[in-house]
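Kindly return the folded structure for what I paste below:
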Amino acid sequence: MLKILDRYAIREVLGPFILAVAGFIIIGMMDFLFTLVDMFVNHGAPLWAVVRLLIFKIPVILVIFFPMAFLFACMLFLVRMAKDNELTVLRASGIPLGRLMLPMLACGVVASGFAFLNNEKLVPWTNHVSNNLIRTVIMKSPPPTIMEEIFFKDEGGRFFFIKRVDSAKAMMEDIMVYELTGAFPRVILAKRASWNEKTWTLYEGIIHKYNEDGLIDYEARFESLQLHVDREVRSFYDQQKTPIEMTTFELKQKIDVMARGGANTKDLFVDLFMKQSVPVSSFVFGVVGAACCLLFVWSGRDWWGVIVSVIVAVLLVGFFFFLTAVCRSLGRGGLMHPFLAAWLPNLLYLIVGGVVLLRQSLFK
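Just a heads-up that it's a prediction; the model follows:
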């Protein structure tokens with residue numbers, strides 16, 4: 001059973017959090033809304049497509065603004081308690097401020113859980129659908145023949161990877177075909193390939209077959225080899241997904257397949273770890289917001305402390321996203337371990353905010 005203090009803290013945090021989420025959604029959609037209205041008025045985009053695209057962008061917006069909304073809710077709760085002298089009453093009653101932090105941080109864990117579910121279930125699907133919608137309906141541009149350096153799969157269980165594509169000449173370079181249809185996997189590598197509808201012709205290649213121990217069981221070179229593909233090359237485009245359009249499981253599968261082909265997967269590992277670290281930032285921002293309030297707001301009349309705490313929190317949010325962008329670039333460039341690139345901002349803010357929060361809770 002929740003105690004009165006717990007119910008009170010949860011209720012006071014939950015209300016501003018929901019209000020902040022709604023407000024940030026409206027703010028986040030404004031810039032995108034102007035672009036869509038222009039497409040509808042001046043480019044003849046269908047109204048149903050514009051409305052649908054606007055709805056599909058809501059989960060993506062939540063990824064960024066969920067942590068900021070929880071930061072706002074925590075700070076508003078603590079500032080209001082300080083204004084009404086409730087923090088002073090709690091301390092005078094022998095209740096440490098750390099006890100008040102427990103239900104608030106528990107809300108942060110729940111918020112991070114919802115953010116993870118949104119990032120894992122909704123965002124990949126809505127990103128994929130909205131990107132196809134922009135390309136095919138709103139922009140009215142045909143999909144390119146095929147995307148470079150992207151793995152895709154046909155109905156027969158084969159995986160394809162193409163390094164470079166010349167659409168004008170219908171030629172591909174540096175092709176890998178990974179087949180799982182037989183008893184043992186087979187890998188086909190070719191320097192060049194051409195296609196004609198559902199027939200691919202590979203040139204200057206080599207075939208590898210592997211046994212159950214992972215050793216090469218058969219190897220043969222060829223000058224040309226024809227493959228029958230279930231669909232035309234153009235149809236693969238809709239099945240191709242970027243990392244932001246994939247779930248964690250799908251991205252792991254893509255990394256495994258690319259690793260077997262010897263491709264560089266550092267950038268994909270960064271994206272994979274960020275799918276896990278970004279939702280946790282909701283909890284981290286809650287710790288930072290509480291630390292700012294307890295550090296600068298001393299009493300109900302300390303309005304300068306309120307102003308300073310808000311300014312510091314805003315600056316910390318801006319620096320957090322800057323640090324995230326820098327670490328992501330370093331990780332994708334191989335200058336930082338992918339796990340550290342994704343988690344360093346969260347860990348740094350959590351340690352500093354946690355130390356401040358612990359110190360203020362025990363000694364203030």
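
can you tell me how far Lys163 sits from Ala45?
Separation of Lys163 from Ala45 (Cβ to Cβ, to the nearest Å): 35 Å. To be clear about C-beta, it is placed using only N, CA and C from the backbone, and glycine gets the same treatment.

neighbour count winner among the two?
Ala45 (21 against 13; other Cβ atoms under 10 Å).

Val37 is in contact with that one, correct?
No. Taking Cβ atoms under 8 Å as the definition, Ala45 is not a contact partner of Val37, at 9.5 Å.

separation between Ile351 and Gly289?
From Ile351 to Gly289 the distance is 16 Å (Cβ to Cβ).

what does Leu100 give?
Where Gly289 is concerned, Leu100 sits at a distance of 13 Å (Cβ to Cβ).

So for the two, which sits in the more crowded spot?
Shown here are Leu100 and Gly289; by other Cβ under 10 Å, Gly289 has more neighbours (31 against 24).

Enumerate every residue touching that one.
70-72, 74-75, 78, 313 (Cβ atoms under 8 Å, 6 or more residues apart in numbering).

same check, this time on Tyr349
284-285, 287-288, 316, 320 are the contacts of Tyr349 under Cβ under 8 Å, 6+ apart.

same check, this time on Asp267
Taking Cβ under 8 Å, 6+ apart as the definition, contacts of Asp267 comprise 331-332.

host element of it?
helix 266-296 (DSSP states H and E).

same thing with Ser224?
strand 216-228.

which residues does the residue nearest to Leu344 when sequence neighbours are not counted contact?
Closest residue to Leu344 apart from its sequence neighbours, by Cβ to Cβ, 6 or more residues apart in numbering: Cys327 at 5.1 Å. Going by Cβ under 8 Å, 6+ apart, Cys327 touches 336, 340-342, 344-345.

repeat that with 10 Å
If you count contacts by Cβ atoms under 10 Å, 6 or more residues apart in numbering, Cys327 has them with 270, 274, 277, 335-336, 338, 340-345, 348.

Now, of those residues, which are buried?
270, 274, 277, 336, 338, 341-345 (16 or more other Cβ atoms under 10 Å).

Show me how far whichever helix or strand Asn346 is part of is from its chain's centre.
Counting by DSSP H and E, the element that carries Asn346 is helix 338-363. A distance of 21 Å separates the C-alpha centroid of helix 338-363 from that of its chain, computed with Cα atoms, centre = their mean, to the nearest Å.

thinking Ser282 is in contact with Leu117, fair?
No. Counting by Cβ atoms under 10 Å, Ser282 does not reach Leu117; the two are 11.9 Å apart.

In this protein, what helix or strand scores lowest on average pLDDT?
Least confident element among the helices and strands of the chain, by mean pLDDT, DSSP states H and E: strand 151-153 (a mean of 68).

can you list the domains in the protein?
4-140+267-363, 151-239 (automatic domain parsing).

what ranges do the helices span in the protein?
4-42, 47-56, 58-83, 86-92, 97-117, 123-133, 248-260, 266-296, 303-332, 338-363 (DSSP state H).

Would you format those as CSV with mean pLDDT included?
CSV is the format used below for the helices of the chain (pLDDT from 0 to 100):
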stretch, mean pLDDT
helix 4-42, 83
helix 47-56, 80
helix 58-83, 87
helix 86-92, 79
helix 97-117, 87
helix 123-133, 80
helix 248-260, 79
helix 266-296, 88
helix 303-332, 88
helix 338-363, 87
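
Which among the ones you listed is found nearest to Tyr218?
helix 248-260 (17.2 Å; Cβ to Cβ).
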